[in-house]
Structures are given as C-alpha cells and as structure tokens.
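Q: Turn this into a structure:
(3 chains)
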Amino acid sequence: MAGGSIPVPGGLGSAADVAATEADGATWLEHLHSWVVTVDHKKLGVMYVLYALLFLVVGGIEALIIRIQLFFPDNHFVSAETFNRVFTMHGTTMIFFVAMPIVFGFGNYLMPLMLGVRDMAFPRLNAFSFWMSAFGGLLLYYSFIGGVGLQGAGSAPDVGWWAYAPLTSRAFSRGHSTDYWALALIVSGFGSIGAAINFIATAFCMRCKGMTLFRMPLFVWLYVVSSGLVLVAVSPLTAAQVMLTIDRYLGGHFFDTQAGGSAVVWAHFFWIFGHPEVYVLVLPAFAIINEVVPVFSRKAIFGYPAMVAASVGIGFVSLGVWAHHMFTIGMTSISNAFFVLSTMLVGIPTGIKIFNWIATMWGGKIRYRTPMLFAVGFLVQFLIAGLTGIILSVAPFNWQLHNSYFVIAHFHYVIVGAILFAIFSGIYYWFPKVTGRMLDERLGKWNFWLFVIGFHVCFDVMHIPGVLGMPRSIYTYEADRGWTGLNQIVSVGAIIQGIAIAILVYNMIHSALKGQEAGPDPWDAWTLEWATNSPPPPYNFAIEPVARSRRPLWDLKHPNDPDEPLEEG
Amino acid sequence: MTTPAHGHAADSDWRLPSRGRVGMFSLILAESAIFVIFVVAYVYNIGRSTFGPQPRQVLELPILNTIFLLSSSGTILMAERALVKRAMAAFIAWWALTIALGAIFLLGTAQEWHKLITKDGLTISTNLFGTTFYSLVGLHASHVIVGLVMLSAVLVFTLLGALKPEHTEKVEVLALYWHFVDWVWVVVFSVVYVIGR
Amino acid sequence: MSTGAQREHSATASQAENAIHLPAPTQWPLILAVGLTLLFAGLVTNVMISALGVVMAVCGAVGWFRQVLPQEAHEMLPVTLEEIAIEREGRRVTRVEHLHPVAGRAITGISTYPISSGIKGGFAGGTVMILLAEIYGVVRFHSIWYVVNLLGGAGVAGWNAPTEHDLGTFHLAAFLIAIVIHTASSFLVGLLYGALLPILPRHPIVLGGLIAPALWTGLLHSTLGLLNPYFDDHINWYWFALSQVGYGLVAGWVVAREGRLKSLRDVPLSVRLGVETAEPLKHDDEGRR
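A: Numbering: from 1, shown residues only, chains lettered A, B, ... in the order given. As a prediction, the model looks like this:
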C-alpha cells in the first residue's frame, strides 16, 4: 500500500489508449446538439444543476426585491401588486425550479456512479423528465410576458405559492396568471414523477455485482425514500392542479363554496403535497450529508441500518402531518391533537439521524475543508430549524404565530439553513468529480463564512418580528410598529447571502476553467464514484466494479484491512 | 491474499429485479395517489351539491359494463399465459378479446354520459356532483383509452409478426397497467355508484 | 499491493475489450416534452398552439417508441482503458494498532450501562420523588392532594387562581393528569438519563444525583412560569430541588445495582446498528492470521 496508484474498477493495468477523444474537431453547434439530445445521466444531471442554479439566481433576485421593499416602513420600491407577484414567484421558483431540479441533478449524476453501473434504468425517460421540469419553469416565467389575459389583468401569478381557494377562482383571479401557475406545475410535476420512477427503478434494478440493498451508499437509500415521497406527494398536487384547472376552464365547482364546494379541501390537498415536499427536499440533503460527514471525519457512517430505518420512518410519518399547516383554518380538537402528535413524532427519526452524524464525527479525524464546513453548518442549523418546528407544531402556540414572520424564519431555516447548506456542501464535494478540477478552497471559505454570517443575521433575527406580530406576505408596514430596525437587519443579512452566492458562482466558473486538477479521488473517499476518472467517461466504468462491502473503494485501497461483508449475498 | 472469499458465490448468480416491473409499480403508485385525491374529493362532496341533479336521480348501476371490464383482466391473464407458451394464435385471440371488452366498457361509459348530458342536463359545470362525477369517471376513462391504444399497438405488431420472444416481459408490464386500470374501476364503481348513490 | 482486485477484473475484462453499448442519444423525449408543454401552454395562449403541441407530442411518442422497439437503439462507444491513479491529499490515515487484539481496530464502548437500566432508575426515582413531595405536602399543608393538584391543576378547566383550600381537596381530573404527567416525565427523564449514561459511565450516581437534578431544576426554574404558572407560584424551590436530588440518587443507585454490560459488542443490536465490532472476525480468526 505504499504506492499512490491503485488499479480500480475504472481502469486496467495496461493502459491502452484506443479511442481518439470525441471532442476533437466538434463545432460549438455539434457540442450543443450532443447536450440537447443526450440521454446520458451525467449530462442530464449537470443540466439539472445548471438550470437550478440559474433559477436560484432569479429566485434570489426576487428575494432581494422583497427585502429591499421591506427595508423601510411605508416603502414604495415596488407596488403592492408587484410585491404579491414577486413573493409568489420567489416561493414557487425556489421550491419547484431550484430545490427540486438541483436535488434531481445530484441524484441523476451520482446514483449510477455510486451503484457502479453505466446509466439510469430508463435513460430516455430521464431526458424526458428533465425537459418537462425545464419547460415547466419556462412556462411559469413566460407569464411575465404572456400573462396579460382577460380585461388586461394578469402578468405573473400573485396568489402565493400555496394558492389558497377561493382567491384562485375566476372571480377573484382574473386573467391567466393563476392558470400559468397551475399549468407550469402540472408540466414540471410530470417531470418530477418521471424522475422519481427512474430513481427507484435504478436503485432496485441497476446495481453492480455484489451491491446488495444493504451495501448501497446511504445516499442512494435516501433518494429511494425521497422518490417514493415524490410519487405519493407530487401526484396529489398534480391532481389538485387539474381540479383547479377544471374549475377555471370548465366551470367546475371543486373549490367553489357557493355551489357546495370547499376551499378547505384545497388547503388539505395542497398540504398533502406541501408537507411531504419538505421531506422530498430534505432527504436528499441528508443524503449529501451522509456522504460528506464520514469522508471528512475519516470514519465509516455510524449506524447504517438505523439511518435507513429512520429515513423510511421519516418518509411514512411525513405523510401524516400535513394539517399542521392548517391549525388556524379551524379543525376539530381531535384533528388538531392528532396532527400535533404526528408532527412531534417526526422528531424521533430525525433525532436518530442527528445523533448518528454526531457519532460519526465523534472521535473522527475531522478535516474542515469547505464541504465539511457546510455540513457542520447544516447540522447546527437543521437542529435549530427542527426545534422551531417542534415549537410551531404545538397548536395553541401555532395559533399565535401562524402566518407570521416566525413561520417564514422557521421554514427558511429548513430550506436555506439545512437544504441549501447541504447542497452547497455537495457542490464543493462533487465539483471535482464533475469537472475534474477542485473548487478554490480560499474562495470556498469566503463563501461559507459570508453565507453563514448572512444567514444568521437574516433568519435568526427574522424570528423576532414574527413574535412581535408581523404577518407574512405584507408589502409594507407602518413606522410605529417597532419592526423597522429588525427588518433592516434582516435585509442586510439577505444582501450578505447574495454576495456569498455571487462568490460561489464566480468560484464555479473560475475553478471549472482554471482550478487545480483534482484527479479521480481528491478526498480519499470510499464510494464508487471516486473509482473512475474525473470527469467520468461516458460509460462510467470501463469494467463494471464489484462491491464486497459498503465501502468498495476502501476495500480496494486497503486490501489487508477490508470491510467485512456484513451479510451474505 | 486477504480479500474475503465468500463474496464470489453470490456474484455468479447476481439477479436484479426487472426494471420494467419496478418502473410500472412505481407508476401505479403515483397513479393511485392521483386517484386517491379524486376519490377523496368525490366522497367528501357527496350530498353537498346545492342545486341540480343528484346522483340518486340520474345514475344507474352499470353492472354489465363492470362485468365486461373486470373480465378483461382475466382475458389478458390468459393472453399472457399463451404468450409465455408461444401459442400465438391463442394469444391474439385472448388479446383481441381484451381490447374488445375494454372498448365495450368505453362505449358503455360514452352512452351513459350521452344520456346524462342530453337527457338529464348534467354537465361538468352544472353542479358539484357533475364536477366530481365527470372528473373521476373521466380520469378513469382516460386511463382506459391510453390502455386501449397501447393494447391495440401490441395487437397490430403481433399480427405483423413483429412480436419476438424477447418482448414478452414488455407485454407483461403493459398487462400490469391494464390490471391496475381494471381494479381502479372497482374503487370508482363502489364510490360513485354504490356509496354515492 | 494485492492482486485480488486485478484477478477479479480479468474475469470480466473480456466484455470491455473493445466497446461498450450505451443508449443512443435521441431527440424524441425532448420533442414529446415540447409537445406536452405546448399542449398546456395553448390553454393560456391560443388553441392553435395546443394543436401544434398535440402533433409534436404524437410525433415524439411515436419516435420514442421506434427508438426502443423492436430493439433498443444503442451506440457503441470505444473504451479507453487507462490506469486510474488514485491521488490522495494528506494520506495521514492514523491506524490504531492492536487496541483490540482480535480486530486490530478500535472498539467503541468497552463497557457501559444499558439504556433500560436508566428507565428502571427513572421509575424508581419517580416513586421516591412522590414520597418526598408528599412529605412536603402533608407537613406543610396537611393534605396529600396538595402536590397532586399543583402538578395536574393546569389541566383542570375553569381553575383560576385556586386557593390553598382548593389545592388541598381531591379533584379527579387533576389526579389523572398528575399521574400521566408524572409517569411520562419519569419515563422520559429516565430514558434521557439512560441515553446519557455512556458519557459518564463510571459515576452514575454523580450524574444522576447531582448533575442531572441541577440541570433539570435550573431548566424548570427558568421555564415553569410559562409552562404552568400556578405551579410556579406555589412551588417551594428548595424542596423541589431536594426531591429532584432524591430522584436522581435513587435512579443512580438503581442503575449502579443493575450492573454494567461487559461490552457493547456482546449486544447483537449494536452489531446490527453498524458499530464497528470484531464479532464477525472471531470465527475464522485462527485460519486467517
């Protein structure tokens, strides 16, 4: 084990350079064509992530517009109507066209590599799913131009990302803006369902030899659970959007209270999607942390089966908690109590996970490189986000704080503080694999510290105006409310985060062109994606690898001390 | 040489589930979730229509139609068995019978809708009952249509002699979808015509 | 360098000798996606766009169908076989040499107390705590119901500012709620205690009798006003802390009596939990080394 070079499943001892590289002589247009018609999971994964990052910038600009508007009391930076559009688009964009595609992108790129195979189960469905997701986003944003409908009303959707009835009925939402919202989500919903089917089929049917289910990296397991949730949670959203479209186009009465329909049913349907959706996004974040924490702690993950069980447990429990978004809507005491308890139940499997990550780090030889910094940030912030979540799950407390900025701060803590931090961790971790070059570590540290400071300045403080009674979705406030200073701090924090993301974008472009060469395995990791070149060849592995334990690459690097197979088969 | 040796035995017979089946089961799960939402919307809104025709006044039990659709689940099973045995004539006969039964079901639904629209004046916008009824039954009917198109495609290719033994699994996956469409009808039937009436 | 990896590769190397089948690139899924999107976009723009979408979707579906049937279209990609040198930054992997003679790996948690002993201790301590609290109630207010009502009184509807006489009489609701609260918190504190035991395994009585009551009393002292204001008004903090210490001492004593587990690796569950243990190595130990 003295040498620095090990034959691994991607290579062979005798180097035989057979093919001329395909890039030679290809024009710019041919390159573009090869990306457009590709069914390669790696190219699709990269396109997912780039598309999501593009929308991250768009959604981030919308967030900054919101924060500038709220910087001063009685501000008129944007009108009330524009403000409604901006926060609706911000929410919809960030959930459906940033978080979902970036998560799918990571899964697409990494899952076959981790499983030691050459592609996803359904490569063409994969391409179809990507394009559906992408065109959904374009359709939504086309509403800015094409949304002028009946009576000149319209433009972008302005009904909030939850789009409660009856505001979405034809009487109250003239023009086509709400239709754009519903149709864009139907289109991207097909994409999400297709991607989820593909992930599940890949995990179960596309594994290299020896890769039993309980040897799969936890990353893959988390994606299986997350995809299962997409199947049972995004489909209801599609169904609800179809109902909304029937109401708006065919004069249906699903959510028409005057004809006996119910607006509350929309809220139920939306949150039956909406709450599992949080887990659809956070489980892939767990997946990234599950890979980053062991590698940078130099220890195998603690409690693998418990992690799998906890993930599946979260998946099931999360299907029964949706109405904790609706305590103020007026449910019976029994349902309130049920949803309080089921929500608190989520804390148990989540706690198991946090303890397992800490136990993995405990006694490890931790390397605080940028991916690990973001992972540690994730751990701390996810814990706090979970705690405010438990606070909000108590129905009487929720009655006080519902639809206040406390709730906004809570779920941004989850989505930014946990999910986005994990995604950034993943970007820093796998960027070398995708591009063959390391992200700049110094810029990475700047990115991390600015982002973590900006995050806490913004979202820690944001809890306070919520407790003081500032409701969400208001476009301005009076000066005598005592919210002014707090809002200004929050806005400053938002701007700091904007700078941090600008550094990330610069770092990605700069390092992709001029970064330090990474080599196949810059982090001394143990999963199979590091056993092939960076970037991997189109076929991933020249020779399909064989897995004998949960850390196949560890076994290859340490032939004298392999992980024992934990079970036969 | 310390590489654990007992892994090798497992490698030689490394079997993975069929991706077609797993994919179809996943699709069926997603479809079930969509149906659940429409069924819940139907059940929740039973008896809430404030005006217009009520289910009891206009709906008739489509018993014959139901028998046709459910028996097509059996005929497609017979077709699959014939295909595995490569008894192509029997396969074509059973498969064509399946398509015929599905088509009869669809005709029955069309007839029912025609009667509801022209005679009873119930459309999707008439009242809440109309909205939920047409969307749920229509959702199911659209699945029947998609299924019939695909079944017919298989029939055409079989008649052209293009159905090779290696396609057997694809046919079985398609049959899985048809079974799903059939058994969803049991739910729709009991909700719309039994409970809802 | 072991040759094991190379040997098993040579078995499968023949497949990779010349080229690898990969799914051929295709435009049809894209065209189907454009078609479906236009179909929906037509609803908000013009019906002709929907018509165009339908045409494109049908073309895309048919094209896709022909791509996968009768044979899935493949492209042959020539393989470049090259040596992949695994470069590692900072290869300073610290090997723990023979901490455990059998495994050659560090074993976590050589010996500790089982969590169940914490729960048992919690219930035992809870019983003692009742006695201590009752002593306070009987001596000071001459009623066994006083402390019960303090604990459960928050659950009695319509109780505003109860007098001492109120607190001294029996209320069924308060009694039931007090039992539920006390049982649940005895269980949960015991569980927490059991979970914390491995941190301070040598001194369960110190942990249980001093540190835990101090933490717990401090936490309650600062938050009780929010949780249960009546309790907060009437509580005697010194006696409360004393009964906490009584709880902790008894719980710690029970835990100490339970005895410690020899080693975590004797617990099959820990093996299942993926703690790195030497268990599977035991059997073929002689043959391998």
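
Q: tell me which residues of the helix or strand containing residue B:150 are tucked away?
A: Element membership for residue B:150 (DSSP states H and E) is helix B:128-159. For helix B:128-159, a neighbour-count test (16 or more other Cβ atoms under 10 Å in any protein chain shown) marks B:128-137, B:139-141, B:143-144, B:147-148, B:151, B:154-155, B:157-158 as buried. For every residue, glycine as well, the C-beta is placed using N, CA and C.

Q: give me the subset of those residues touching chain C.
A: residue B:157 (Cβ under 8 Å from any Cβ of the partner chain).

Q: Would you mind identifying the next helix or strand past whichever helix in chain C runs longest?
A: In chain C, assigned by DSSP state H, the helix with the most residues is helix C:115-141. On the C-terminal side of helix C:115-141, the closest following helix or strand by DSSP H and E is helix C:145-152.

Q: Not counting its neighbours along the chain, what's nearest the one residue in the stretch 251-400 of chain A that gets nearest to chain B?
A: The stretch 251-400 of chain A approaches chain B most closely through residue A:251 (3.2 Å), counting by Cβ to the nearest Cβ. In space, and not counting its chain neighbours, residue A:251 is closest to residue B:125: 3.2 Å by Cβ to Cβ, 6 or more residues apart in numbering or on different chains.

Q: Quick check: which element contains the one you found?
A: Applying DSSP H and E, one finds residue B:125 in no helix or strand.

Q: That one reaches residue B:134, doesn't it?
A: No - taking contacts as Cβ atoms under 8 Å, residue B:125 lies outside contact range of residue B:134: 9.4 Å.

Q: circling back: now do the longest helix of chain C: which elements does it pack against?
A: Under the contact definition 3 or more Cβ pairs under 8 Å, 6 or more residues apart in numbering or on different chains; DSSP states H and E, helix C:115-141 sits against helix C:145-152, helix C:164-168, helix C:172-196, helix C:237-258.

Q: Would you mind listing the buried residues in the second one?
A: Of the residues in helix C:164-168, those with enough neighbours to count as buried (16+ other Cβ under 10 Å) are C:166, C:167, C:168.

Q: Which of the three states applies to the residue lying closest to residue A:235 once chain neighbours are set aside?
A: Closest residue to residue A:235 apart from its sequence neighbours, by Cβ to Cβ, 6+ apart: residue B:33 at 3.8 Å. At residue B:33, secondary structure determined by DSSP: H, G, I helix; E, B strand; the rest coil is helix.

Q: What is the burial count for residue A:474?
A: The tally of other residues near residue A:474 (other Cβ atoms under 10 Å in any protein chain shown) stands at 12.

Q: brain fart, residue B:47
A: Applying other Cβ under 10 Å, I find that residue B:47 has 12 neighbouring residues.

Q: Can you check the pLDDT for it?
A: Note on residue B:47: pLDDT of 88.

Q: and stretch A:203-215, is it in reach of chain B?
A: Yes - looking at stretch A:203-215 against chain B by Cβ under 8 Å from any Cβ, the contacts come from A:204, A:205, A:206, A:207, A:209, A:210.

Q: tell me which helix or strand of chain A sits lowest on mean pLDDT?
A: None of the helices or strands of chain A scores lower by mean pLDDT, DSSP states H and E than helix A:552-557, at a mean of 83.

Q: Closest residue of the stretch 301-450 of chain A to chain C?
A: residue A:304 (4.1 Å).

Q: And the residue of the stretch 251-400 of chain A closest to chain B, its phi and psi?
A: Backbone dihedrals for residue A:251, given as degrees, to the nearest 10, come out at phi 70, psi 30.

Q: Relative to residue B:192, how far out is it?
A: Counting by Cβ to Cβ, to the nearest Å, the separation of residue A:251 from residue B:192 is 21 Å.
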